[in-house]
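>>> Requesting a structural model of the entry that follows:
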Amino acid sequence: MTTTHNLSETARKHLLEKIEQLIEAQDFEELRQLLASSRTSDVAEVVEVLDEIARQILFDLLGAKEAGEVLEKIDDATRIEVVEDLTGKELTDIVATLPPDEAADVVADLSDQQTEEVLDQIPKDESEQIEKLLGYEEDSAGGIMNPELVKVRIDQTVRDAIHNYRESDPEEDFYHIFIVDDQDRFKGHVSLPTLLRHPRQTPIAELLEERLAYVEVHADQEEIANTFRKNDLIVMPVVDDKGLLVGRITVDDIVDVMDEEAEEDALVMAGTHPAELDTPNIFKAASVRLPWLLICMSIAMSVGIFLVLIFEPKFALIDPKLWACITMFLPALLAMGGNSGLQTSTIVVRGLATGDLAALDVMQVFLREVRVALVVAVVCAIVAGLVAGIMLNFIGDFLEDIQAQVMGLSVGIAMLCGIMLSTSLGLFLPFLFRRIGVDPAISSGPLITTSNDALGCLTYFSLSLLMLKVLSG
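Prediction:
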């Protein structure tokens, strides 16, 4: 029986050290006892950092049920490596101990040959459930639901509902009894406390509650997570396109979904993808990162060539010292534009992800973000202009006072324009991507940074030339 205490980071490190010591000493009996007294979630963390031989030893010592829980909790890349070393019988024994939804997650990472071998060896009704779950999209309601539930017909009584509850899987936690009609269409629910407070002869129809939200089997998991969050749900029934009750989603499933969605958004915003974490192959991981980087590099190089072609003849007439003064402030302008655009896009992407109505109204978001950006841009422009003017007065001996002041003014105006332009990109790109069916988080990564740099360079050089023309005018 596993312990119920929560291990701290220090304790988990100690567990890892203890396991490594026992493996090195080949004291497998004590290691077996240690594993039996540890939480499977902590063992899973240890498995992720052990080498291949140590992993094999641990899975040989774990019972099938515990091995299944560990296998379900480790990351996808580690799971792929672990299952390659397990025999068909070991995999079958492990999958047989898992609930259908967790079993489907494990089977999804098996090779076709392993999948066929496992499904052929487990009971037919279980294999059919797993195959059905595998038929749904991984990030849909069908992909995360558990088909095991307790239901009762609307024409039955509390006695029948209690009987069905007692006949259900004792290892599953059921919070509601779902009510269906004679064709298995979902009609409502009754909570377990309500059920137990009424006489057994009470018709279920009298206890029917219809307020529990339900979801269609193909609904996206992010939408489901938002529904759970907004309505403080602990369970949600899942129906097919005919309204037939096919499963349930519980709050622990949604915790995993929220973690997965947050991780996916963070990775996409960085220009990569969760697929990078699903493979132990460094070349496959690199292939996930490279596309956006190569696209952005191409854009940046194209912009650089364009700027040279447009501005080089004009800048060729400028004193090299003055040219050095102009380029001196370029990094600060680009950095501020990129950072402000990233802040705005992050706020917008977060709002779109939560599904809040206020975040979905582009005009309402626009009015707020533009006003915030304007305050930021004015403050940064004043500071940048003053600093640039003062610096040019000190280090630009060849500049007249009016020239230094005008160049400082151009830096300030460029800062103002750069922040407002980048804010506009950070505001509208997520909405555009969402409209065309692309993850809005992509707009917050290398794409918006590259776009801001390109626009920032174009704006600053244009203003600098204009100011110089005015000075020479």
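
>>> Kindly provide the distance from E172 to D101.
For E172, the distance to D101 (Cβ to Cβ, to the nearest Å) stands at 11 Å. All C-beta atoms are positioned from the backbone trio N, CA, C, and that covers glycine.

>>> Show me the common contact partners of the two, please.
Shared contacts of E172 and D101 (Cβ atoms under 8 Å, 6 or more residues apart in numbering): N146.

>>> More neighbours: the two, which one.
Applying other Cβ atoms under 10 Å to E172 and D101 shows that D101 carries more neighbours, namely 23 against 13.

>>> just for the stretch 351-473 of the chain, where's the confidence low?
Scanning the stretch 351-473 of the chain for pLDDT under 70 picks out 353-361, 395-401, 403, 441-445, 468-473.

>>> got it, and the chain?
Counting by pLDDT under 70, the chain contains low-confidence ranges at 1-8, 266-280, 312, 314-323, 353-361, 395-401, 403, 441-445, 468-473.

>>> tell me the domain boundaries of it?
9-140, 151-269, 276-472 (automatic domain parsing).

>>> next one: the second one to chain centre, how far?
Domain 151-269 sits 25 Å away from the centroid of its parent chain (Cα atoms, centre = their mean, to the nearest Å).

>>> need the strands for the stretch 51-200 of the chain, in chain order.
Counting by DSSP state E, counting those that start in this stretch, the stretch 51-200 of the chain has strands at residues 151-153, 176-180, 186-191.

>>> Same list, those, but as TSV with distance to D51 and mean neighbour count please.
Output for the strands of the stretch 51-200 of the chain, formatted as TSV (distance: least, Cβ to Cβ, whole Å; neighbours: other Cβ atoms under 10 Å):
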stretch	distance to D51	mean neighbour count
strand 151-153	47	20
strand 176-180	45	23
strand 186-191	49	20
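
>>> Let me have those in JSON lines, extended by distance to D120.
Output for those, formatted as JSON lines (distance: least, Cβ to Cβ, whole Å):
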{"stretch": "strand 151-153", "distance to D120": "30"}
{"stretch": "strand 176-180", "distance to D120": "32"}
{"stretch": "strand 186-191", "distance to D120": "33"}
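
>>> mind checking which of these is nearest I310?
Proximity to I310 (Cβ to Cβ) singles out strand 186-191 among the strands of the stretch 51-200 of the chain, at 63.9 Å.

>>> elements contacting that closest one?
Packing contacts for strand 186-191, counted by 3 or more Cβ pairs under 8 Å, 6 or more residues apart in numbering; DSSP states H and E, involve strand 176-180, strand 235-239.

>>> Helix or strand next in line after the last one, which one?
The one in question is strand 235-239. Following strand 235-239 in sequence order, the next helix or strand is strand 245-250 (DSSP states H and E).

>>> ok and the very next helix or strand once past that following strand relative to strand 235-239, angle-wise?
Moving toward the C-terminus from strand 245-250, the next helix or strand (DSSP H and E) is helix 251-269. Here the directions of helix 251-269 and strand 235-239 differ by 80 degrees (axes from the mean of the first three to the mean of the last three Cα atoms, to 10 degrees).

>>> buried sites along the helix or strand just after helix 251-269?
The helix or strand immediately downstream of helix 251-269 is helix 282-315, counting by DSSP H and E. The neighbour-count check on helix 282-315 (16 or more other Cβ atoms under 10 Å) flags 285, 288-289, 292, 296, 299-300, 303, 307, 311, 315 as buried.

>>> try stretch 79-92
79-80, 82-83, 86, 91-92.

>>> Please name the residues that touch S462.
Listed by Cβ under 8 Å, 6+ apart, S462 has no contact partners.

>>> Including distance to D182, could the buried residues of helix 282-315 go into a markdown table?
Listed next are the buried residues of helix 282-315 as a markdown table, based on distance: Cβ to Cβ, whole Å:
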| residue | distance to D182 |
| --- | --- |
| A285 | 53 |
| V288 | 50 |
| R289 | 55 |
| W292 | 54 |
| C296 | 59 |
| I299 | 61 |
| A300 | 65 |
| V303 | 67 |
| L307 | 73 |
| F311 | 77 |
| F315 | 82 |
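
>>> which residues in the stretch 101-250 of the chain form helices?
112-121, 124-134, 141-144, 158-166, 192-196, 221-231 (DSSP state H, counting those that start in this stretch).

>>> Among those, which comes closest to N393?
Closest among the helices of the stretch 101-250 of the chain, using Cβ to Cβ: helix 221-231, at 54.1 Å.

>>> Dump the closest one to CSV, restricted to CA.
Output in CSV follows, covering the C-alpha atoms of helix 221-231 (Å, rounded to 0.1, in the frame of the first residue of the first chain):
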residue,chain,number,x,y,z
GLN,A,221,-10.5,20.1,-24.4
GLU,A,222,-9.6,23.8,-24.0
GLU,A,223,-13.3,24.7,-24.3
ILE,A,224,-14.2,22.0,-21.8
ALA,A,225,-11.5,23.2,-19.3
ASN,A,226,-13.0,26.7,-19.5
THR,A,227,-16.5,25.4,-18.8
PHE,A,228,-15.2,23.5,-15.7
ARG,A,229,-13.4,26.6,-14.5
LYS,A,230,-16.4,29.0,-15.0
ASN,A,231,-19.0,26.6,-13.5
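
>>> for it, packing partners?
Judged by 3+ Cβ pairs under 8 Å, 6+ apart, the packing partners of helix 221-231 are helix 141-144, strand 215-216, strand 235-239, helix 251-269, helix 330-354.

>>> sorry, back to before: which stretch among the helices of the stretch 101-250 of the chain is buried most, on average?
Ranked by mean neighbour count, these are led by helix 141-144 with a mean of 25 (mean count of other Cβ atoms under 10 Å).
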